[in-house]
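K.L.:
What follows is a predicted protein model with its sequence.
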Amino acid sequence: MILKNINLIDGTGNDIQKNIDIKIENNVIAEIGKNLNGDDVIEGNGQYLLPGMIDSHVHVMLEMEPLENRLSTPFSYNFYKAIDHLKRTVDAGVTTVRDALGADLGLKEAVNDGIVLGPRLQISINALTITGGHGDSYTKSGIHLPLLQDGYPGMPSGLCDGVNEVRKKAREMLRAGADVLKVHATGGVTSATDHPDYTQFSVEELKVIVEEAQFRNNRKVMAHAQGLQGVKQCIEAGIHSIEHGIYLDDEAVKLMKEKDMYLVPTLLAPLSVIEFAAELGMSENSINKSKQVMQDHIESFKKAHQAGVKIAMGTDAGVFKHGTNLRELELMVEHGMTEMEAIVSSTKTAAECLGYDEELGTIEEGKKADFILLEQNPLDDIAVLRDPNKIKVVAIDGKIVKDIR
């Protein structure tokens with residue numbers, strides 16, 4: 001395949017390369033230059049080509065909805081709904097995701113084998129959480145209302161308390177096929193019985209998770225960490241990425257920078273909870289907490305960005321509608337990033353965060369041919385990326401999976 005006459009934004013942060021041709025062979029970018037020849041030619045006509053976008057925090061098995069819908073939906077029906085979630089994600093220009101809870105090995109393999117169209121999946125299976133913490137489905141009424149059913153084959157429950165239980169639960173997730181371990185280190189906005197600022201696992205428990213993941217299985221740990229103390233415990237324990245990071249201070253940001261950690265800010269999550277509360281069936285509790293954290297979340301993002309912390313784009317899609325993922329870039333630009341920085345965050349840096357940087361994240365020779373094509377220059381207006389109809393072509397592994405030119 002030859003992509004002719006395109007304007008290339010390669011994801012490295014370099015300036016646009018104009019009127020460029022790209023040659024793809026065996027699903028890999030073989031050559032970048034001018035006047036390249038081949039049998040299968042796609043005329044770019046000066047459109048803008050970028051690497052496939054990477055969302056470092058999604059929940060493809062989930063999309064929030066009113067409680068009565070959740071209670072009346074058969075368990076297996078959620079897998080069929082996930083097919084639509086995956087397609088909408090691809091149509092939005094997202095070609096790789098890190099699933100932060102909910103997708104199991106069967107779903108990942110169905111995508112890998114081409115049974116279902118979806119982005120490349122890195123999965124965490126389920127999140128480790130303490131009794132009474134973010135992820136515990138217990139409500140004030142005494143009724144358990146899980147976002148997703150767990151405890152079925154391939155999806156262990158994430159509840160665990162104490163070092164020994166935590167170690168065993170980490171091993172169960174890895175046995176189930178986890179590419180990355182997810183831990184709830186603090187409370188959260190959507191929790192029924194806690195608050196984002198509440199600290200959950202101890203440092204000793206967090207270190208055991210890191211030990212099981214990194215030192216025993218060569219995996220990373222991603223931590224839902226919103227409160228400051230919880231964030232600092234994650235830093236001390238050697239966690240790889242902080243998800244959300246709502247309450248950061250200068251010391252936490254400095255330590256994250258020194259330890260080469262990643263922040264996955266998910267600015268879109270609390271905003272969407274508020275904007276689409278009725279449609280998503282959000283509780284008054286979740287709405288109020290989202291309003292409380294909004295400004296602190298923005299200020300923490302600004303602190304991290306200004307200090308040079310590595311920021312990987314992530315959205316928490318599933319807490320809100322799939323397919324709206326790239327609105328996150330607009331928010332990152334609104335709160336201090338340049339358009340190019342937001343693109344790099346969503347391509348090169350996100351690939352590094354997921355450990356895929358040797359094969360994904362930039363348009364360079366030898367890397368997999370994941371790319372998107374659009375008519376408008378996102379460096380002039382980053383908001384063009386938020387509309388899936390503006391993403392004209394999407395390719396994964398050199399195969400075009402969307403074409404609305």
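P.N.:
That came through fine.
K.L.:
for the stretch 151-300 of the chain, what are the low-confidence residue spans?
P.N.:
191-193 (pLDDT under 70).
K.L.:
Tell me where it has strands.
P.N.:
180-184, 220-225, 241-244, 262-264 (DSSP state E, counting those that start in this stretch).
K.L.:
go on, the stretch 1-150 of the chain?
P.N.:
Under the criterion DSSP E, counting those that start in this stretch, the stretch 1-150 of the chain contains strands at 2-8, 17-25, 28-33, 41-43, 48-51, 53-58, 94-99, 120-123, 127-128.
K.L.:
What pairs with the last one, parallel or antiparallel?
P.N.:
So that's strand 127-128. strand 180-184 (parallel) (DSSP bridges).
K.L.:
so who does the closest residue to residue 359 other than its chain neighbours touch?
P.N.:
In space, and not counting its chain neighbours, residue 359 is closest to residue 368: 5.2 Å by C-beta to C-beta, 6 or more residues apart in numbering. Glycine gets a C-beta too; all of them are placed from N, C-alpha and C. The contact partners of residue 368, by C-beta atoms under 8 Å, 6 or more residues apart in numbering, come to 27-29, 359-360, 397-398.
K.L.:
In helices only, show me these.
P.N.:
Among these, none falls in helices (DSSP state H).
K.L.:
from the chain's centre, how far out does stretch 14-31 sit?
P.N.:
Stretch 14-31 sits 26 Å away from the centroid of its parent chain (C-alpha atoms, centre = their mean, to the nearest Å).
K.L.:
Give me the residues contacting that stretch.
P.N.:
Contacts of stretch 14-31 with the rest of the structure, by C-beta under 8 Å, 6+ apart, involve 1-10, 32-36, 38, 46, 48-49, 363-369, 377, 379, 397-399.
K.L.:
all helices in the stretch 51-200 of the chain, in order from the N-terminus.
P.N.:
67-71, 77-91, 105-112, 163-175 (DSSP state H, counting those that start in this stretch).
K.L.:
can you redo those as TSV with distance to residue 313 and mean neighbour count?
P.N.:
Shown next, in TSV, are those (distance: least, C-beta to C-beta, whole Å; neighbours: other C-beta atoms under 10 Å):
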stretch	distance to residue 313	mean neighbour count
helix 67-71	28	11
helix 77-91	13	18
helix 105-112	20	17
helix 163-175	24	18
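K.L.:
that older thread, tabulate the contacts of residue 368 (JSON lines), appending neighbour count.
P.N.:
Below are these laid out as JSON lines (neighbours: other C-beta atoms under 10 Å):
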{"residue": "27", "neighbour count": "15"}
{"residue": "28", "neighbour count": "15"}
{"residue": "29", "neighbour count": "23"}
{"residue": "359", "neighbour count": "12"}
{"residue": "360", "neighbour count": "24"}
{"residue": "397", "neighbour count": "16"}
{"residue": "398", "neighbour count": "17"}
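K.L.:
ok, the residues you listed vs residue 114, which is closest?
P.N.:
Closest approach to residue 114 among those (C-beta to C-beta): residue 397, at 10.3 Å.
K.L.:
Could you turn the buried ones of the contacts of stretch 14-31 into a PyMOL selection?
P.N.:
In PyMOL syntax, the buried subset of the contacts of stretch 14-31 is picked out as below (16 or more other C-beta atoms under 10 Å):
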select buried, resi 1+2+3+4+6+7+8+9+10+32+36+38+48+49+363+367+368+369+377+379+397+398
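K.L.:
domains for the chain, by residue range?
P.N.:
Per automatic domain parsing, the structural domains of the chain span 2-51+363-403, 53-354.
K.L.:
Next, work out how far apart residue 219 and residue 174 are.
P.N.:
Distance from residue 219 to residue 174, counting by C-beta to C-beta, to the nearest Å: 7 Å.
K.L.:
so what sits against both of the two?
P.N.:
Common contact partners of residue 219 and residue 174 (C-beta under 8 Å, 6+ apart): 181, 213.
K.L.:
coming back round to it: can I get the strands of the stretch 151-300 of the chain in JSON lines with mean neighbour count and distance to residue 73?
P.N.:
Output for these, formatted as JSON lines (neighbours: other C-beta atoms under 10 Å; distance: least, C-beta to C-beta, whole Å):
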{"stretch": "strand 180-184", "mean neighbour count": "28", "distance to residue 73": "24"}
{"stretch": "strand 220-225", "mean neighbour count": "29", "distance to residue 73": "25"}
{"stretch": "strand 241-244", "mean neighbour count": "29", "distance to residue 73": "27"}
{"stretch": "strand 262-264", "mean neighbour count": "27", "distance to residue 73": "29"}
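K.L.:
Could you verify my assumption that residue 161 touches residue 129?
P.N.:
No: contact between residue 161 and residue 129 fails when scored by C-beta atoms under 8 Å: they sit 9.6 Å apart.
K.L.:
Counting neighbours, go ahead and name the busier of those two.
P.N.:
residue 129 (27 against 17; other C-beta atoms under 10 Å).
K.L.:
Contacts only, for the more buried one.
P.N.:
By C-beta under 8 Å, 6+ apart, the neighbours of residue 129 are 135-136, 158-160, 183-184, 200.
K.L.:
and of those, the nearest to residue 281?
P.N.:
Out of the contacts of residue 129, the member with the shortest distance to residue 281 (by C-beta to C-beta) is residue 135, at 18.6 Å.
K.L.:
which phi and psi does that closest one have?
P.N.:
phi 110, psi -20 (degrees, to the nearest 10).
K.L.:
for the closest residue to it other than its chain neighbours, which residues make a bridge with it?
P.N.:
Leaving aside its sequence neighbours, residue 135 sits nearest to residue 129 (C-beta to C-beta, 6+ apart; 3.1 Å). When assigned by DSSP bridges, residue 129 has beta-bridge partners residue 159.
K.L.:
do you know how far residue 129 is from residue 153?
P.N.:
From residue 129 to residue 153 the distance is 20 Å (C-beta to C-beta).
K.L.:
Return the residues in contact with the closest residue to residue 356 other than its chain neighbours.
P.N.:
The spatially closest residue to residue 356, leaving aside those adjacent along the chain, is residue 96, at 6.8 Å (C-beta to C-beta, 6+ apart). Taking C-beta under 8 Å, 6+ apart, we find residue 96 in contact with 52-55, 119-122, 350-351, 354, 356, 360, 370.
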